[in-house]
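Colleague: Okay, here's the prediction I keep looking at, along with the sequence it came from:
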Amino acid sequence: MPQYVVAIDQGTTSTRCMIFDHGGAVVSVGQKEHEQIFPRAGWVEHDALEIWRNTREVVGQAIARSEAGASDIVAIGITNQRETAVVWDRKTGQPVYNAIVWQDTRTTKIIEELGALGGGADRYKDKVGLPLATYFAGPKVRWILDNVDGARERAERGELLMGTIDSWLIWNMTGGADGGQHLTDVSNASRTMLMDYRTLAWDESIAEEMGIPLAMLPEIRSNSEEYGQGRKAGFLAGVPISGSLGDQQAATFGQVCFERGMAKNTYGTGNFMLLNTGEEAVPSQNGLLTTLCYQLGDGKPVYALEGSIAVTGSLVQWVRDNLGMIKSAPEIEDLARSVDDNGGAYFVPAFSGLFAPHWRGDARGAVVGLTRYVNKGHLARAVLEATAYQTREVLDAMNADSGVDLTELRVDGGMVGNELLMQFQADLLDVPVIRPKIAETTALGAAYAAGLAVGFWSDLDELTAKWAEDKRWEPQMPAEERERNYRNWQKAVTKSLDWVDEDVR
């Protein structure tokens, strides 16, 4: 009988279950969106219970739409939106507050207070590889403990658990309040601002300074090993849960970027470029993050440099939902093709401040260069180009940190179906942009990690042999035009800075 691996891809806007066969092909998919909760400007939340309900539903959908029965599933892999934080009661399984999403900026004052203790934004960077920023999970937990009545006292009594979404799902999948495993993996732990990236252990001094009791923290495990089995009643009973990676590390794994110097860029809600630096953790001097790429079982950890961009695909959603310029996301390509260029307009989508390489929490979104000539087609083009410009900033920083110029970029995620964007990206980077046959590599990476742990796939060489190119975009733009456009973008970025102050949040 054929055997399969299930991947649960819990993303920012939806939860998906994808079933893969031994060839790495998608057998079936279940997917469901969840509510985006915006209590006030800068705040973004999810209902963790809704995410758990949706996870169970999409697994059922995927199995029902395939020839696979539960007995044909040999492993489950999980990938997730990384920095989103949940705090819940270990006895009841009830979250004490909504999950605070990675895009949320409410922890600005906490970040400022920690930086004021000394070292500024780089206070913990030597240990955790990250600057102080609202992006990361630790300060979000601190905010919950400080602002939910009784939460800190309950946490100090050992009644509350915390975790990123991987921990929340694994705990529920393995039994919840009835014996659930409280675990995380090295890639997700590296996004909390609490894990020493060299020792792969929680740093007690940082946790204490951030006001997070150690008893709340999950056990840190590798990305490919058996964490537990599906709960006895209802959720793939007895199937090993054996792979877990944060979504961008999962995409890197799915793109088989196993060799030092290989890089991928995922075009999703935000954009995330990772460069494999091998067993060497490279401290960034140019605004990038030093992060865990993956660890397989008891093997040595593999590190990456990462450039994180907050708003790319979500900008298209904003144009659709908030402005009503388009009815569906794919329509933006046709609208952008109705003009030859951006008409001089540039869109800096600093809705949550600017992430890499700027790390400016004081920035806010700006559209500049407007004249009476500019129409909605030009704005649509500026929206797409913003993704490519932000990626260029990250690639320049990556080349500077690594000392090696990237020669090609592997791409994946929902936006890579936009051929206008992909051609502009190749033009702006002046390197080939390559899309694999399986563009949704995030779920595939989680499946690969889970399958390796149970012997469904033998080794990394077997996975590498499965990668196949679908389409390649070669640079076509003259160098003078490329640099003029980029220079104008850099000027536009300066207009988004210094917006937030004590009176304007």
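Modeller: That came through, no problem.
Colleague: The stretch 1-150 of the chain: strands as residue ranges?
Modeller: Shown for the stretch 1-150 of the chain, the strands assigned by DSSP state E, counting those that start in this stretch span residues 4-10, 14-20, 26-33, 45-46, 73-80, 85-89, 99-100.
Colleague: Contact partners for the closest residue in space to F38 that isn't next to it in sequence?
Modeller: Leaving aside its sequence neighbours, F38 sits nearest to V44 (CB to CB, 6 or more residues apart in numbering; 6.2 Å). In this view, the C-beta of every residue, glycine as well, is placed from N, C-alpha and C. Neighbouring residues of V44 by CB atoms under 8 Å, 6 or more residues apart in numbering: 36-38, 100-101, 103-104.
Colleague: same question, Q476
Modeller: Taking CB under 8 Å, 6+ apart as the test, what Q476 contacts is 423, 426-427.
Colleague: sorry, back to before: and the strands of the stretch 1-150 of the chain as a markdown table, adding mean neighbour count, distance to A443 and mean pLDDT?
Modeller: Shown next, in a markdown table, are the strands of the stretch 1-150 of the chain (neighbours: other CB atoms under 10 Å; distance: least, CB to CB, whole Å; pLDDT from 0 to 100):
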| stretch | mean neighbour count | distance to A443 | mean pLDDT |
| --- | --- | --- | --- |
| strand 4-10 | 29 | 4 | 95 |
| strand 14-20 | 23 | 4 | 94 |
| strand 26-33 | 17 | 8 | 93 |
| strand 45-46 | 20 | 19 | 96 |
| strand 73-80 | 28 | 6 | 95 |
| strand 85-89 | 25 | 21 | 97 |
| strand 99-100 | 27 | 21 | 98 |
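Colleague: Identify whichever of the ones you listed lies nearest to L452.
Modeller: strand 73-80 (9.0 Å; CB to CB).
Colleague: if we can go back for a sec, of the contacts of Q476, just say which sits nearest to Q3.
Modeller: A426 (38.9 Å).
Colleague: Now do the helix or strand where that closest one lies: everything it contacts.
Modeller: Assigned by DSSP states H and E, A426 belongs to helix 419-429. Contact with helix 419-429 is made by 267, 333, 336-337, 384-385, 387-389, 391-392, 395, 406, 409, 411, 415-416, 432-433, 435, 471, 473-477, 482, 485-486, as judged by CB under 8 Å, 6+ apart.
Colleague: In the sheet, which residues pair with the closest residue to R260 other than its chain neighbours? Tell me.
Modeller: Distances taken as CB to CB, 6+ apart place G278 nearest to R260, at 3.6 Å, with adjacent residues excluded. Beta-bridge partners recorded for G278 (DSSP bridges): Y303.
Colleague: show me the contacts for G278.
Modeller: 260, 302-303.
Colleague: hmm, try it at 10 Å
Modeller: Neighbouring residues of G278 by CB atoms under 10 Å, 6 or more residues apart in numbering: 258-262, 293, 300, 302-304.
Colleague: same check, this time on D21
Modeller: So D21 contacts 2-5, 27, 66-68, 72, 447 (CB under 10 Å, 6+ apart).
Colleague: swap in G353?
Modeller: 42, 103, 105, 108, 133-135, 310-311, 359-365, 496-497, 499-500.
Colleague: just checking, which of those residues belong to helices?
Modeller: Members of the contacts of G353 lying in helices (criterion: DSSP state H): T108.
Colleague: just checking, T442 touches G268?
Modeller: Yes - the criterion here is CB atoms under 10 Å, and T442 meets it with G268 at 8.0 Å.
Colleague: of those two, who's got more company?
Modeller: T442 (30 against 23; other CB atoms under 10 Å).
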